[in-house]
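Peer 1: can you look at this prediction? I've put the sequence above it.
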Amino acid sequence: MIKLTELSDSFHPVKPMTTYQQFLAKYPSYENTKKIDELRASDYRRLDQGEHIYLDYTGGGLYAESQVRKHQQILLEGTFGNPHSSNPTSQAATHLVESAREYVLHFFNADPAEYDVVFTPNASGALKIVGESYPFGPGDQYVLTFDNHNSVNGIREFAHTKGAEVTYLPVVLPDLRVDESMLAAAWAKARPGGNNLFAYPAQSNFSSVKHPLEWIARAQEKGWDVLLDAAAFAPTNKLDLTRYKPDFVPLSFYKIFGYPTGLGALIARRTALKKLHKPWFAGGTITVASVQGDKYYLADGHAGFEDGTVDYLNIPAVEIGLRHMEAIGMDTINERVKCLTGWLIDNLTAMRHSTGAKLVRLYGPASTEARGGAVTVNFFDKAGNPIDHRSIEEAANKVNISLRTGCFCNPGAGEVALGISRLELDVCFHGPGHEYRLTLDDFRLCIDGKSSGAVRISVGMMTNFNDIQAFLKFCEGLLG
Ligand SMILES: Cc1ncc(COP(=O)(O)O)c(C=O)c1O
């Protein structure tokens, strides 16, 4: 038997681990991302100075002070004119625009002989180019997953108008991934010799599911052109266009590095761009256009798709932003987001009310495997009733937490996650007075008390442990 005195002599009480130590014990690789903490302290000071808990990185990325300064310096030192001329100021602008274009290809490891970059106002602008120009015809096919952003869904309207068939591939609860056994049947629909377009997000902006990039080559082998929406994927993952070769890649730059807004790109295979039939012409897109001859000749490659004057004063900031991302390192960003997302999910899904009822229901994968940093949930009270996502946002606003609520322009994933059926939607959309107009309040009445949206907390490259802890503390305040 051990005597008490012996015990006290040999007993050095072990200090309980701090929460941060517990986090590191579970996600040790977070330590390797420390340079981001240093960068946040120097280049993103306004975040902590303003006491912001920013958790809407899928909505928009944050810019560094240095990006703005470098861009400002270019503008203050140079004189730039409209790039559609050959005068010196025009050439100076052209030089910067073309340098940025090359840098986009370099950043995504795309062979310039194989890929081209069309600058657009945003990812939606890139998607509209594909939608309005893809040569759909009767019997052609547009296949897309349920969890696409509305700007990808919208392409179906062009497909319908031109007589193509539109098929949605469902995503399945609880993880909201595609049931792969359905892919073969969908791809088998390709019209031989026809125009068949398959569209999916590399990362869903609703569930954060990362769909396999291996689908690209498999679909192409079966006769599909592949549109890979990289808008939510590119900010925290390396997209290597030498390894994976989608035909069309739309994205927005502000989602990757925050500044500038108003610029995106359609990165497209040169062969795929050639296949597009642009339905009109505009300034800057033609080699020759004639009024009397009623004829125009579209310019080759990106020039044919950049309507009017490109945003030549902001495009140089794209190169600055991409270099900034490279200096941090996409692998470091990816690792950091993974660690913080894992910790957020672990703790959020473990929260229970005094009644034992769960605080949240998660829509999407509960592990960090093949998922990104957006965590989408709904909150429930202690009796298990859903709490309206709008009131969660209002409460978060009061404590300076920026998050996103609603369906994030991703209705398909929302409908599956929230259990809204095709029948309910049909009844709603064909109800009296609903032919042309439906407000969100009308829609809420239609779905009879079901949640019409969710809360998305998205972790990004500048998120730190304190941000996550602050959000978890906010959630503890919702426990009853
Ligand atoms: C996956 C995805 N695709 C497309 C878009 C559209 O991007 P933008 O609004 O910048 O055009 C978004 C925006 O949230 C998105 O998350």
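Peer 2: Great, that's in hand. Numbers count the residues shown, from 1 in each chain.
Peer 1: average pLDDT for stretch 138-145?
Peer 2: Summarised as a single mean, pLDDT over stretch 138-145 is 98.
Peer 1: and V171, bridged to which residues?
Peer 2: Going by DSSP bridges, V171 is paired in beta bridges with V178.
Peer 1: that one contacts N148, doesn't it?
Peer 2: No. In this structure V171 lies outside contact range of N148 using Cβ atoms under 8 Å: 10.0 Å. Where you see a C-beta, it was placed from the backbone N, CA and C, and this is true even at glycine.
Peer 1: okay, the two: which has more neighbours?
Peer 2: N148 (29 against 25; other Cβ atoms under 10 Å).
Peer 1: before we move on, what SS does the more buried one have?
Peer 2: N148 carries the three-state label coil when classified by DSSP: H, G, I helix; E, B strand; the rest coil.
Peer 1: could you pull out the helices for the stretch 201-350 of the chain?
Peer 2: For the stretch 201-350 of the chain, the helices defined by DSSP state H, counting those that start in this stretch cover 215-221, 253-257, 270-275, 315-328, 330-350.
Peer 1: which stretch among the ones you listed comes nearest Y134?
Peer 2: Distance to Y134, taken as Cβ to Cβ, is lowest for helix 270-275 among the helices of the stretch 201-350 of the chain, at 7.8 Å.
Peer 1: could you confirm R444 falls within a strand?
Peer 2: No. Under the criterion used here (three-state DSSP), R444 is helix, not part of a strand.
Peer 1: spatially, what comes nearest to it if we skip its sequence neighbours?
Peer 2: S452 (5.1 Å; Cβ to Cβ, 6 or more residues apart in numbering).
Peer 1: and the one you found, that's in a strand?
Peer 2: No. Remark: S452 does not belong to a strand; assigned using three-state DSSP, it is coil.
Peer 1: how about it, what does it touch?
Peer 2: C407, L418, L440, F443, R444 (Cβ atoms under 8 Å, 6 or more residues apart in numbering).
Peer 1: now neighbour count too, for the residues you listed, in JSON lines please.
Peer 2: JSON lines is the format used below for the contacts of S452 (neighbours: other Cβ atoms under 10 Å):
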{"residue": "C407", "neighbour count": "22"}
{"residue": "L418", "neighbour count": "19"}
{"residue": "L440", "neighbour count": "10"}
{"residue": "F443", "neighbour count": "15"}
{"residue": "R444", "neighbour count": "15"}
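Peer 1: how about the residues of the stretch 151-300 of the chain by the ligand?
Peer 2: Within the stretch 151-300 of the chain, the positions lying close to the ligand (Cβ under 6 Å from any ligand atom) are S151, P201, N205, D229, A231, A232, S252, G264.
Peer 1: put the buried members of those residues into a PyMOL selection.
Peer 2: The buried residues among those can be selected in PyMOL (16 or more other Cβ atoms under 10 Å) with this line:
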select buried, resi 151+201+205+229+231+232+252+264
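Peer 1: got the residues of the stretch 151-300 of the chain next to the ligand as CSV, with pLDDT columns?
Peer 2: Below are these laid out as CSV (pLDDT from 0 to 100):
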residue, pLDDT
S151, 98
P201, 98
N205, 97
D229, 98
A231, 98
A232, 98
S252, 98
G264, 98
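Peer 1: so which of the residues of the stretch 151-300 of the chain next to the ligand are in strands?
Peer 2: Counting by DSSP state E, those place P201, D229, S252, G264 in strands.
Peer 1: pick the most buried one from the helices of the stretch 201-350 of the chain.
Peer 2: Highest mean neighbour count among the helices of the stretch 201-350 of the chain (mean count of other Cβ atoms under 10 Å): helix 253-257, with a mean of 25.
Peer 1: who's in contact with stretch 56-64?
Peer 2: For stretch 56-64, the external contacting residues (Cβ under 8 Å, 6+ apart) are 39, 43-44, 47, 54, 205, 208, 232, 235-236, 254-259, 261, 321, 324, 373-374, 402-404, 408, 456, 458-463.
Peer 1: that older thread, out of the helices of the stretch 201-350 of the chain, which gets nearest to E31?
Peer 2: Short answer: helix 330-350, nearest of these by Cβ to Cβ, at 9.3 Å.
Peer 1: tell me the helix or strand right after that closest one.
Peer 2: Next helix or strand after helix 330-350 toward the C-terminus (DSSP states H and E): strand 360-362.
Peer 1: mean confidence for the helix or strand just after that next one?
Peer 2: Counting by DSSP H and E, the next helix or strand C-terminal to strand 360-362 is strand 374-380. Here strand 374-380 scores 97 as its mean pLDDT.
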